[in-house]
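Undergrad: got a sequence here, can you build the structure:
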Amino acid sequence: MSDERQIDAVAFLGRRRARILELLGEAARRSGRCADDVTLVAVSKTVGPEQVAAAWRAGYRRFGENRPQELSRKLAALAAHLELSPLRFDMIGNLQTNKINQVLGRVALIHSVSSLHLATSIAKRAARRGIVSEVLLEVNVSGEASKGGFSVQELRRDIDQLAGLEGIAVRGLMTMAPAHDPAAARRTFAGLRELAEELRQISGLPLEQLSAGMSDDFQAAVEEGSTIVRLGRVVFDPGYTIA
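TA: You can find the predicted model right below:
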């Protein structure tokens with residue numbers, strides 16, 4: 001990317017970020033919170049390292065990747081940019097057990113721990129390295145067959161075992177809402193908040209973080225208690241129409 005295009009990209013990303021933060025702040029206030037109570041993760045899975053660097057210069061600090069291989073590629077490409085600090089990546093996509101070693105110690109938070117088996121595998125490998133991996137438990141609140149994660153019933157059953165695993169720190173829950181159905185999405189976000197409240201009582205885990213809300217529905221997610229939103233198109237796509 002030429003210097004001129006980089007400047008243009010930073011300018012666009014900065015303007016778009018200001019509008020996103022305005023909407024995010026309004027939604028947070030409607031839920032009795034402030035904008036600083038909600039973390040924005042810029043989902044960078046469809047853009048290259050240069051656009052990540054431009055987004056950092058526009059004010060973004062947390063980025064989300066879906067694939068371990070792409071995470072590795074971006075980390076390698078950005079390693080020379082020492083000024084990009086603190087730059088933090090989260091793992092937000094499906095994580096297979098044979099890819100765990102590619103993300104351990106390289107991401108700040110794994111959003112997508114979708115089973116007791118995966119949680120146990122992460123915990124064992126992290127413990128062998130002498131580290132603690134911070135994770136969120138992915139739960140299929142809506143019950144859609146197309147969605148991954150724990151069912152609500154499975155999570156109720158497994159939460160005590162998950163709480164006792166050494167090598168991971170369970171920070172909260174993550175969910176994905178039905179697309180193109182605002183009412184169902186809002187029910188999903190409210191259900192995630194209610195489930196977290198229930199599981200806190202059962203397990204004693206604080207479960208302070210709720211990762212929910214993407215480009216089309218992040219305002220509703222924040223209104224229903226989300227503390228982390230995962231935004232891709234609304235951040236990076238000039239053609240995306242923002243409310």
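
Undergrad: quick one: buried residues of the worst-scoring helix or strand of the chain on mean pLDDT?
TA: Averaged element by element with mean pLDDT, DSSP states H and E, the chain has its least confident helix or strand at helix 3-30 (a mean of 91). In terms of neighbour count (16 or more other C-beta atoms under 10 Å), helix 3-30 has its buried residues at 9-10, 13, 16-17, 20, 23-25, 27-28. For every residue, glycine as well, the C-beta is placed using N, CA and C.

Undergrad: which one of those residues is nearest to residue 188?
TA: residue 27 (15.9 Å; C-beta to C-beta).

Undergrad: was I right about the closest one contacting residue 223?
TA: Yes - Residue 27 sits in contact with residue 223 when judged by C-beta atoms under 8 Å, with a separation of 5.1 Å.

Undergrad: returning to that earlier point: let me know the next secondary structure element after the least confident helix or strand of the chain.
TA: Stepping forward along the backbone from helix 3-30, the first helix or strand reached (DSSP states H and E) is strand 39-43.

Undergrad: CA atoms only: put that following strand into CSV for me.
TA: C-alpha atoms of strand 39-43 as CSV (Å, rounded to 0.1, in the frame of the first residue of the first chain):
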residue,chain,number,x,y,z
THR,A,39,-14.6,-3.4,24.1
LEU,A,40,-14.5,-3.2,20.3
VAL,A,41,-12.7,-6.0,18.5
ALA,A,42,-12.0,-5.2,14.9
VAL,A,43,-12.4,-8.5,12.9
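
Undergrad: which residues sit against it?
TA: Defining contact as C-beta atoms under 8 Å, 6 or more residues apart in numbering, one finds that strand 39-43 is touched by 20-21, 24, 55, 60, 62-66, 90, 92, 211, 214, 227-232, 235-236.

Undergrad: mind checking pLDDT for residue 92?
TA: Residue 92 is assigned a predicted lDDT (pLDDT) of 98.

Undergrad: just give the nearest non-adjacent residue to it, would you?
TA: Closest residue in space to residue 92, ignoring its immediate chain neighbours: residue 64 at 4.1 Å, by C-beta to C-beta, 6 or more residues apart in numbering.
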